[in-house]
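Novice: Have a look at this prediction, sequence included:
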Amino acid sequence: MLSRYVSLLAIRASLIAGWTLPAVSVARDVTVCSAGATARLIAVSGIANLEDEAGRIGADASLPKPFELDELLAVVARLLPNADRIA
């Protein structure tokens, strides 16, 4: 079954440093929706190594901050190509 949900996870440098919640367990939790459906995960952050960290936590995509709404919508459209519409 294809996912029709997207979750955004904002990664802070302190999260990566490990002195708050581990990013990997947070990522697992935010991708589970109601009724057992799963969501595609987009990691967003201003950190320099965002792509590496996004891969480490299993994110489906990453988006460096700051970003424009059109950039976010393009990532969502790429992750959910069969969605009827994005609005």
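Specialist: All right, it came through fine. Residues are numbered from 1 along each chain as shown.
Novice: can you pull out the helices in this protein?
Specialist: With helices called from DSSP state H, the chain shows them at 13-17, 23-30, 50-57, 69-79.
Novice: ok, residue 79 - how many residues close by?
Specialist: For residue 79, the tally of surrounding residues (other C-beta atoms under 10 Å) stands at 17. Yep, even glycine has a C-beta here, placed from its N, CA and C like the rest.
Novice: which residue sits closest to it in space, ignoring its chain neighbours?
Specialist: Distance criterion C-beta to C-beta, 6 or more residues apart in numbering; nearest residue to residue 79, sequence neighbours excluded, is residue 40 at 4.3 Å.
Novice: so what's that neighbour bridging to?
Specialist: Counting by DSSP bridges, residue 40 forms beta bridges with residue 6.
Novice: Run a quick neighbour tally on it.
Specialist: What residue 40 shows, counting by other C-beta under 10 Å, is a neighbour count of 19.
Novice: tell me the phi and psi of residue 80?
Specialist: Note on residue 80: its backbone torsions stand at phi -120, psi 70 [degrees, to the nearest 10].
Novice: any idea how far residue 46 is from it?
Specialist: Computed as C-beta to C-beta, to the nearest Å, the residue 80 to residue 46 distance reads 25 Å.
Novice: ok, those two, which is more surrounded?
Specialist: When residue 80 and residue 46 are compared for neighbours, residue 80 comes out ahead with 17 against 13, by other C-beta under 10 Å.
Novice: distance of that one from residue 70?
Specialist: Relative to residue 70, residue 80 is positioned 16 Å away (C-beta to C-beta).
Novice: can you check residue 51 too?
Specialist: Going from residue 51 to residue 70 by C-beta to C-beta gives 20 Å.
Novice: Look at the two and report which has more neighbours.
Specialist: Between residue 51 and residue 70, counted using other C-beta under 10 Å, the more crowded position is residue 51 (14 against 7).
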